[in-house]
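Engineer: sequence and predicted model, in that order:
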Amino acid sequence: MLTLIIFIIFVALVFDFLNGFHDAANSIATIVSTRVLSPTVAVAWAAFFNFVAAFIFGTTVAKTIGTGLIDTVQVDVFVVFAGLFGAIIWNIITWLLALPTSSSHALVAGIAGAAIAKAGLPVILWKGWIPLLAFIILSPLIGFILGSINMIAVAWLFRRASPQRVDKLFRRLQLFSAGIYSLGHGGNDAQKTMGIIVMLLAAGNLKHWATPDPNNWMNSFGFFGHTHSVAWWIILTCHAAIALGTMCGGWRIVKTMGSSITRLAPVGGCCAETAAATAIIVATRFGIPISTTHAITGSILGVGTARGLRSVRWIWGERIVIAWILTIPCTAVIAAITWFLVRYTIQPLF
């Protein structure tokens, strides 16, 4: 059983890698499309901040994922494996279709689908799902509003400045905004895999592996005075995996995010990244597993709309929304089918 648990931890890190790979477009699309950084430098920049987030944020999102959504008493290691497998399959499908969908929603839907297949609907802790489901709508809406406000405010503040001066200034500022966005992305998304690993260790009666050393001063090292409830080996491996995935970059989705939705100049890219980063960091502060994809897509749409409705290719917005709607049910079904297959093939061997 120990070998199986170690293998599933590896699968969780594969998902974390694919999360970074899939969501690299979110982190770098605007800064690449505005030609502020080359693709290679942009992914290195984003990956660096993905990893640094390990030392800035706490682990409240990990706690929500690990204990707040599913009745962990009903969860076993096979449920965790089936949930991860469903999320990985959905990420690969949407990457092939070049659609920026939420890896976060795929993960929680996968675990939920596998858990329901094993124990039925009572396994779901509906109270924990309320903020998560609410932010399916709120995160792109907040991103849209903040992106629009940022763009309008910048246009007013720099109304007398020459376009060349504005472009030069925001090329520099976009380095900062891209870094802050990647910091928020790593801080929220890496914690989701941490929560799954904690859930796995609890199911395998190895919860002590996930417990931080009470004598380690780093447990209280975090932004806003957070304390860590997850062991540092989990924190660092999860952030390393998502950073490595970002380094490899899901280039198929970069074009969709960076130019297919709307054309972005450095000023628009900076406004979009700042808006999305604000939404993500605030959600992370309150332990809400937000979709970073939804936040940045809403922000890009808001920036484009501020320049006029015709500046946005709404057909891409429609395709993305359809993919968002399908993510939870499709991933849950894939995970449920996987659980049944595992239940009658692999589980009897253990």
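Structural biologist: Yep, it's here.
Engineer: may I see the buried residues of stretch 266-286?
Structural biologist: 266-281, 283-285 (16 or more other C-beta atoms under 10 Å). (C-beta placed from N, C-alpha, C; glycine too.)
Engineer: no no, stretch 204-211
Structural biologist: Buried, per 16+ other C-beta under 10 Å, within stretch 204-211: 204, 209-210.
Engineer: of these, the lowest pLDDT goes to which?
Structural biologist: Among the buried residues of stretch 204-211, residue 210 carries the lowest pLDDT, at 78.
Engineer: look up how far residue 46 lies from it.
Structural biologist: Separation of residue 210 from residue 46 (C-beta to C-beta, to the nearest Å) stands at 28 Å.
Engineer: sketch out the low-pLDDT regions of the stretch 151-300 of the chain for me.
Structural biologist: Flagging of the stretch 151-300 of the chain using pLDDT under 70 yields the residue ranges 212-228, 249-264.
Engineer: hey, where'd the helices end up in it?
Structural biologist: Taking DSSP state H, counting those that start in this stretch as the test, the helices found in the stretch 151-300 of the chain are 163-203, 232-248, 251-255, 266-285, 292-306.
Engineer: what's the closest of those to residue 105?
Structural biologist: Minimum separation from residue 105 across the helices of the stretch 151-300 of the chain (C-beta to C-beta) falls at helix 292-306, 8.5 Å.
Engineer: can you name every helix or strand that that closest one contacts?
Structural biologist: Secondary-structure packing of helix 292-306 (3 or more C-beta pairs under 8 Å, 6 or more residues apart in numbering; DSSP states H and E): helix 2-33, helix 103-119, helix 126-157, helix 163-203, helix 266-285, helix 314-345.
Engineer: can we see that at 7 Å?
Structural biologist: helix 2-33, helix 126-157, helix 163-203, helix 266-285, helix 314-345 (3 or more C-beta pairs under 7 Å, 6 or more residues apart in numbering; DSSP states H and E).
Engineer: relative to helix 2-33, how tilted is that helix?
Structural biologist: Helix 292-306 runs at 10 degrees relative to helix 2-33, counting by axes from the mean of the first three to the mean of the last three C-alpha atoms, to 10 degrees.
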